[in-house]
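*Asks:* Requesting a structural model of the entry that follows:
(chains A, B, C, D, E and F)
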Protein chains: 4
Amino acid sequence: MHKGAASLARLGQNLSPQQLIGALVERGELTDPGSPRGRLLNVAARQFEQKGYARTTVRDIASEVGILSGSIFHHFASKEQILCAVMREVTIFASARMRSAMQQAESPRDKLRACIQSELEAIHGQAVPGFSILVLEWRSLSKDSRKEVLRLRDEYEHIWLIAIRAAKCPGGDAALVRRLLVGALSHTYSWFKPRGKGLSIAELADRILLIFAP
Amino acid sequence: MHKGAASLARLGQNLSPQQLIGALVERGELTDPGSPRGRLLNVAARQFEQKGYARTTVRDIASEVGILSGSIFHHFASKEQILCAVMREVTIFASARMRSAMQQAESPRDKLRACIQSELEAIHGQAVPGFSILVLEWRSLSKDSRKEVLRLRDEYEHIWLIAIRAAKCPGGDAALVRRLLVGALSHTYSWFKPRGKGLSIAELADRILLIFAP
Amino acid sequence: MHKGAASLARLGQNLSPQQLIGALVERGELTDPGSPRGRLLNVAARQFEQKGYARTTVRDIASEVGILSGSIFHHFASKEQILCAVMREVTIFASARMRSAMQQAESPRDKLRACIQSELEAIHGQAVPGFSILVLEWRSLSKDSRKEVLRLRDEYEHIWLIAIRAAKCPGGDAALVRRLLVGALSHTYSWFKPRGKGLSIAELADRILLIFAP
Amino acid sequence: MHKGAASLARLGQNLSPQQLIGALVERGELTDPGSPRGRLLNVAARQFEQKGYARTTVRDIASEVGILSGSIFHHFASKEQILCAVMREVTIFASARMRSAMQQAESPRDKLRACIQSELEAIHGQAVPGFSILVLEWRSLSKDSRKEVLRLRDEYEHIWLIAIRAAKCPGGDAALVRRLLVGALSHTYSWFKPRGKGLSIAELADRILLIFAP
DNA sequence: CATGAATGAGATTTCATTCAT
DNA sequence: AATGAATGAAATCTCATTCAT
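*Replies:* Take a look at the predicted model:
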């Protein structure tokens, strides 16, 4: 996995989000968004993010995908497995994206900016929505599933900690800074709309960087 | 209401949380925590915070209060109305608490620290539990209820914006700073435990202040 | 009871609806509409007629009367007893009214007209609403209550049959004619509004007479 | 729809009730009584008629159909939707039946007799039970559902008005005559039993015709 | 794989009724 | 007589999940 990650990093260096997803699909780490399972995951992710896991019924998901609710269980053993799969894929995608983005950045400060922007893109992106599920719906996950996702997540958080330390953020404690950032960034889902006359994601990332690493 | 708020502020300057609640109850702004309705709201708030609104059943609440589930509907027309009432009361209490805390602080920086600490105390405190619900369960609220709570919330957010502007945080945009703080602070609910060998709430507030207003 | 009925007939000959009610109250046959119990019955009757017995809650009734639902049970042992009482009083009032009206009429035809008009007034009147409950909510009554109301009703129906026979309605069978009239008249509740530019109750009675006794 | 109605009339001229239902099912206007949904509607109609809508529970219906109560909501969103569907189907069937009956009659008087008999058969018949529900349970329907059923009912009432006018009933006003007939006929449900030594439906229709069109 | 029907456990809600004060 | 709180049985409804076709 480490080896895989490294080679992907090289691979991902100049890829668009779509191309990155393509590469990850090829490696069997992400589900093809064009496949029935992939469409299902995308629809589920969007609805979980919009309405929350508990308020989303498998019928809702099925009907948007264009199948009947019973058919979902040919793809997933349970509703919770859908949530778990969404979280896994979101984590994998966000990890790959962030690693690639960071490698293209040079200064420590730019690397941190890249992290922030990368996470914002995961939250607000269309490709594999949505990072905020990882925070908002964490309690909806069973213990076993949490462990599984946490294992994937560790690597991701590790990159962040390195970036924060390198950028010498005030406040000293990198773990604290990261925790504040997790909350702050995931909450952007409920007020920031990238499409519009307001800030772009890149601009928002800049502003946030200015605060956390002045 | 403005006049009322002002006089309460004077009144609240030296009050303990319990006394503050007492004063608000007297004014008819909060439900008496000793009344059946008040006990119900407190229990509901705690459970909504712990398990989430959807995973809390009215039976759970009723059984902790010591009544049968049907009896709840003597006090509230629906489960959602309980959530709405919880949010209303939490907002009112948090507003009063923060206003009082801010008035006791002197410098702009101390005022912002007071805001941060006050919100952290609301999130992690025991007096009127349920502050994090405002963020975590916002999507569980119907549109009409949201409007109602938002009206109360405006006043609370207004205090924040004034404090942020006065403290001259970098990043310039007070609204943006507040939004990041909302996410960052509410997320502390899931990782920060005030009882323990780690940071105290006051220390955490200091650290956060250091980041947002270095 | 026969003797009582006869003396009331004499008494009632020139009474307005209000006066008739007054006389019946005096004799202990009707509840005083000004008394708590009487107000309760009036409110219940109106609501049963408008929404139906099953869709009317004791809370609805209590709240219109201005008391709490529990207090209703100081006056009536059960909701069904309210319905039963309403039906009893409606029957008694309608009987007295019709007897009085018939005595003032002279020709058999006029007597039948008086019956029709009298029943229409019972259905649409404000004094003791509403006769249509007797038809529409018959199935909501327990067997015992039915017997009780039927006993009162017998006398009423007896007057009708005599009037129909005397008027020599075509169709021959007086019982059949009466049954058709029961349905036709009680159904007027759902389409006929006496207040308005349309027909008056007297005019409607005339039209109906024209059909059933041309 | 007008064209469709006309061709069905031709089609229906010699059909038995069962065949008429078959034809309507084919056209998608009625639910197949053999389908789960159709069985459900028939059971519901019978129970609503016998016990009234409010006193019929979805459990009652489900248990007679042979499924669990929860399964009902696979077919209908709410209990009220069942009532609405019953009323829709009853209206459609009764319309088709009456149109067909009227076309087989020749004189205006016979056509009116056919209408009366047809409605009596609908009320007392077994084919698609539930006609009396249209009157008895009208108040159990929500406003929106009422509108929907009223639209279908218009056509049915239109046929009646034409038949009444052509038969030159005394009383002049065809709408009034129809309204009296609605009440009179639907009320037969509670006293007329076609199976017995008494009148047959056809004889009852004759007697009623004699009264309304002497 | 998808469908359509059903399951079944459990959720919220309703509401007549009771009762201590 | 009224209040306010609670009861408790039963109702409607929800929804993830199963399964024969």
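*Asks:* need the residues of chain A near chain B, please.
*Replies:* Within reach of chain B by C-beta under 8 Å from any C-beta of the partner chain, chain A has these residues: A:50-52, A:54-55, A:135-136, A:138-140, A:169-173, A:176-177, A:179-188, A:190-191, A:207-208, A:210-212, A:214. For the C-beta atoms, the positions are set from N, CA and C on the backbone; glycine is no exception.
*Asks:* from the residues you listed, which ones fall inside helices?
*Replies:* Among the residues of chain A next to chain B, the ones falling in helices (DSSP state H) are A:50-51, A:135-136, A:176-177, A:179-187, A:207-208, A:210-212.
*Asks:* are any of these buried, and which?
*Replies:* Neighbour counting by 16 or more other C-beta atoms under 10 Å in any protein chain shown classes A:135-136, A:176-177, A:179-187, A:207-208, A:211-212 among these as buried.
*Asks:* Around DNA strand F, pick out the residues from chain A.
*Replies:* For chain A, the contact set with DNA strand F under C-beta under 7 Å from any atom of the strand comprises A:55-59, A:69-70, A:72-73, A:77-80.
*Asks:* Of those residues, select the buried ones using a ChimeraX command.
*Replies:* Selecting only the buried entries of the residues of chain A next to DNA strand F in ChimeraX, with 16+ other C-beta under 10 Å as the criterion:
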select /A:56,58,72,79
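*Asks:* what's the span of stretch A:133-146, first residue to last?
*Replies:* Distance between the boundary residues of stretch A:133-146 (C-alpha to C-alpha, to the nearest Å) amounts to 13 Å.
*Asks:* Residue ranges in chain A under the pLDDT threshold?
*Replies:* Residue ranges of chain A with pLDDT under 70: A:1-14, A:126-128, A:171-172.
*Asks:* Show me which residues of it sit near chain C.
*Replies:* Residues of chain A lying close to chain C (C-beta under 8 Å from any C-beta): none.
*Asks:* Which stretches in chain A count as helices?
*Replies:* Counting by DSSP H, the helices of chain A are A:2-12, A:17-26, A:36-51, A:58-65, A:79-104, A:108-124, A:132-136, A:143-166, A:174-187, A:201-212.
*Asks:* And the shortest one, how far out from the chain middle?
*Replies:* Read that as helix A:132-136. From the chain centre to the centre of helix A:132-136 is a distance of 9 Å (C-alpha atoms, centre = their mean, to the nearest Å).
*Asks:* Now tell me what touches it from outside.
*Replies:* Helix A:132-136 has contacts (C-beta atoms under 8 Å, 6 or more residues apart in numbering or on different chains) with A:45, A:48-49, A:52-53, A:83, A:86-87, A:90-91, A:123, A:149, A:153, A:182-183, A:186-189, B:136, B:187, B:190.
*Asks:* which ones among those come in contact with DNA strand E?
*Replies:* Okay, of the contacts of helix A:132-136, nothing touches DNA strand E (C-beta under 7 Å from any atom of the strand).
*Asks:* Buried ones among those?
*Replies:* Buried by 16+ other C-beta under 10 Å: A:45, A:48-49, A:52-53, A:83, A:86-87, A:90-91, A:123, A:149, A:153, A:182-183, A:186-189, B:136, B:187, out of those.
*Asks:* In contact with the residue nearest to A:Val86 when sequence neighbours are not counted, which residues?
*Replies:* Among residues not flanking A:Val86 along the chain, A:Ala45 sits closest, at 4.7 Å (C-beta to C-beta, 6 or more residues apart in numbering or on different chains). For A:Ala45, the contacting residues are A:86, A:90, A:128-130, A:133, by C-beta under 8 Å, 6+ apart.
*Asks:* Could you identify the most distant pair in those?
*Replies:* Spatial extent of these (C-beta to C-beta) is set by the pair A:Val128 and A:Ile133 at 10.4 Å.
*Asks:* so what sits against both of those two?
*Replies:* Listed contacts common to A:Val128 and A:Ile133 are A:45, A:90; contacts here mean C-beta under 8 Å, 6+ apart.
*Asks:* Spell out which parts of chain A neighbour DNA strand E.
*Replies:* Contact residues, chain A versus DNA strand E (C-beta under 7 Å from any atom of the strand): A:36, A:67-71, A:74-75.
*Asks:* let's see 10 Å
*Replies:* By the rule C-beta under 10 Å from any atom of the strand, the part of chain A lying against DNA strand E is A:35-37, A:39-40, A:58-59, A:62-63, A:65-75.
*Asks:* Now the buried members of the residues you listed.
*Replies:* Counted by 16+ other C-beta under 10 Å, these give A:36-37, A:39-40, A:58, A:62, A:65, A:67, A:72, A:75 as buried.
*Asks:* how near is A:Ile82 to A:Gly130?
*Replies:* Distance, A:Ile82 to A:Gly130, using C-beta to C-beta, to the nearest Å: 14 Å.
*Asks:* Was I right to think A:Phe93 contacts A:Ala122?
*Replies:* Yes. With contact defined as C-beta atoms under 8 Å, A:Phe93 reaches A:Ala122; the gap is 6.7 Å.
*Asks:* Pick out whichever of those two has more residues nearby.
*Replies:* Using other C-beta atoms under 10 Å in any protein chain shown, the more surrounded residue of A:Phe93 and A:Ala122 is A:Ala122, with 26 against 22.
*Asks:* and that one, how far is that from DNA strand E?
*Replies:* 28 Å (C-beta to the nearest atom of the strand, to the nearest Å).
*Asks:* again, but for A:Ala45
*Replies:* From A:Ala45 over to DNA strand E (counting by C-beta to the nearest atom of the strand), the distance is 18 Å.
*Asks:* repeat for A:Lys111
*Replies:* Applying C-beta to the nearest atom of the strand, the value for A:Lys111 to DNA strand E is 41 Å.
*Asks:* which non-adjacent residue is nearest that residue?
*Replies:* That would be A:Ala105: by C-beta to C-beta, 6+ apart, it lies 4.4 Å from A:Lys111.
*Asks:* show me the contacts for that neighbour.
*Replies:* Contacts of A:Ala105 (C-beta under 8 Å, 6+ apart): A:111, A:113-114.
*Asks:* in chain A, what residue is nearest DNA strand E?
*Replies:* Per C-beta to the nearest atom of the strand, A:Gly70 is where chain A lies closest to DNA strand E, at 2.5 Å.
*Asks:* The closest residue to A:Arg113 other than its chain neighbours: neighbour count?
*Replies:* Leaving aside its chain neighbours, A:Arg113 sits nearest to A:Leu209 (4.8 Å; criterion: C-beta to C-beta, 6+ apart). Residues near A:Leu209, counting by other C-beta under 10 Å, number 21.
*Asks:* repeat for A:Arg195
*Replies:* The burial count for A:Arg195: 8, using other C-beta under 10 Å.
*Asks:* any idea how far it is from A:Ala202?
*Replies:* 14 Å.
*Asks:* And A:Leu24, how far from C:Leu209?
*Replies:* 88 Å.
*Asks:* which residues are contacting stretch A:57-69?
*Replies:* So stretch A:57-69 is contacted by A:36, A:39-40, A:43-44, A:47, A:51, A:71-72, A:79, A:82 (C-beta under 8 Å, 6+ apart).
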